[in-house]
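Trainee: quick one, what's the 3D model for this:
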Amino acid sequence: MTDLFRQPEDATPLEPQEREGLLQSWITHRNDLNEAEQENIVKGAAWARGQRRVPIERLLSEDFIRTLHKRMFGEVWQWAGTFRATERNIGIQAYRIGIELASLLNDIQYWVKHATFPPDEIAIRFHHRLVAIHPFPNGNGRHARLAADLLIQRLGANLFSWGSGSLADAGEIRARYVASLRAADNHDISPLIEFARS
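Mentor: Sure, this is the predicted structure:
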């Protein structure tokens, strides 16, 4: 069990009480956890694809954001869909999550309504800020990528390719993704848009 909760250096570690939320007793190694989460994410993505007719206001609501996370991780983690209550090495202070998420969702609705940015930029700004808020104990990047895919599809464009490979393991693709997120932290969104379409 020693490697069960080992993550890449740039990933967010789980707190001990969050680790206790693991629902599947058969999971004893990191590969087991990755497999279980991936199976759950596939089911969550299938559910999300079925939400095409949901009004964009619903898609850009706290309830939908929480439900999407629960659908993606609810078979693996008891706390899926619940905002984190502890501080992290990334993200805003836990007590600010609800306020900052509401602000983000309002901004995105405004940008969509007024075509403030091109569709790709709206969806990627949404992704970046959702990752920066880091609302959940784990799975924030995967959740934000799927949320951005749902939004870009709703805006009439093709899904993002997100580097055309796996971001789960440390490697060149993940390093490019993290570097593009850091550039966006410094107000340069272009590398993240380019990565999402590469």
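
Trainee: immediately after the strand or helix carrying Asn34, which helix or strand?
Mentor: Here Asn34, judged by DSSP states H and E, is contained in helix 30-49. Remark: after helix 30-49, the chain's next helix or strand is helix 56-59, criterion DSSP H and E.

Trainee: and that following helix, which residues are buried?
Mentor: Residues of helix 56-59 classed as buried under the neighbour-count rule (16 or more other C-beta atoms under 10 Å) are Leu59. Every C-beta, even on glycine, is put in place using the N, C-alpha and C of the backbone.

Trainee: so which bits of the helix holding Asn34 are buried?
Mentor: 33, 36-37, 40-41, 44-45, 48.

Trainee: packing partners of that helix?
Mentor: In this structure, helix 30-49 makes packing contacts with helix 62-73, helix 140-154, judged by 3 or more C-beta pairs under 8 Å, 6 or more residues apart in numbering; DSSP states H and E.

Trainee: so how many other residues sit close to Ser122?
Mentor: You called it Ser, but residue 122 is Ile. When neighbours are counted by other C-beta atoms under 10 Å, Ile122 registers 21.

Trainee: three-state assignment of it?
Mentor: Recorded secondary structure, Ile122: helix (DSSP: H, G, I helix; E, B strand; the rest coil).

Trainee: tell me the predicted confidence for it.
Mentor: Residue-level confidence at Ile122 comes out at 98, pLDDT.

Trainee: Asp169 too?
Mentor: Confidence for Asp169, expressed as pLDDT, is 69.

Trainee: just the CA atoms of the one helix or strand Phe126 maps to, as PDB, please.
Mentor: In the assignment (DSSP H and E), Phe126 maps to helix 119-133. Output in PDB follows, covering the C-alpha atoms of helix 119-133 (Å, rounded to 0.1, in the frame of the first residue of the first chain):
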ATOM      1  CA  PRO A 119     -15.100  30.600 -27.900                       C
ATOM      2  CA  ASP A 120     -11.700  28.800 -27.300                       C
ATOM      3  CA  GLU A 121     -10.500  31.600 -25.100                       C
ATOM      4  CA  ILE A 122     -13.700  31.600 -23.000                       C
ATOM      5  CA  ALA A 123     -13.500  27.900 -22.400                       C
ATOM      6  CA  ILE A 124      -9.800  27.900 -21.600                       C
ATOM      7  CA  ARG A 125     -10.200  30.900 -19.300                       C
ATOM      8  CA  PHE A 126     -13.000  28.900 -17.600                       C
ATOM      9  CA  HIS A 127     -10.700  25.900 -17.300                       C
ATOM     10  CA  HIS A 128      -7.800  27.900 -15.900                       C
ATOM     11  CA  ARG A 129      -9.800  29.700 -13.300                       C
ATOM     12  CA  LEU A 130     -11.600  26.500 -12.200                       C
ATOM     13  CA  VAL A 131      -8.200  24.900 -11.700                       C
ATOM     14  CA  ALA A 132      -6.900  28.000  -9.900                       C
ATOM     15  CA  ILE A 133      -9.900  27.800  -7.500                       C
END
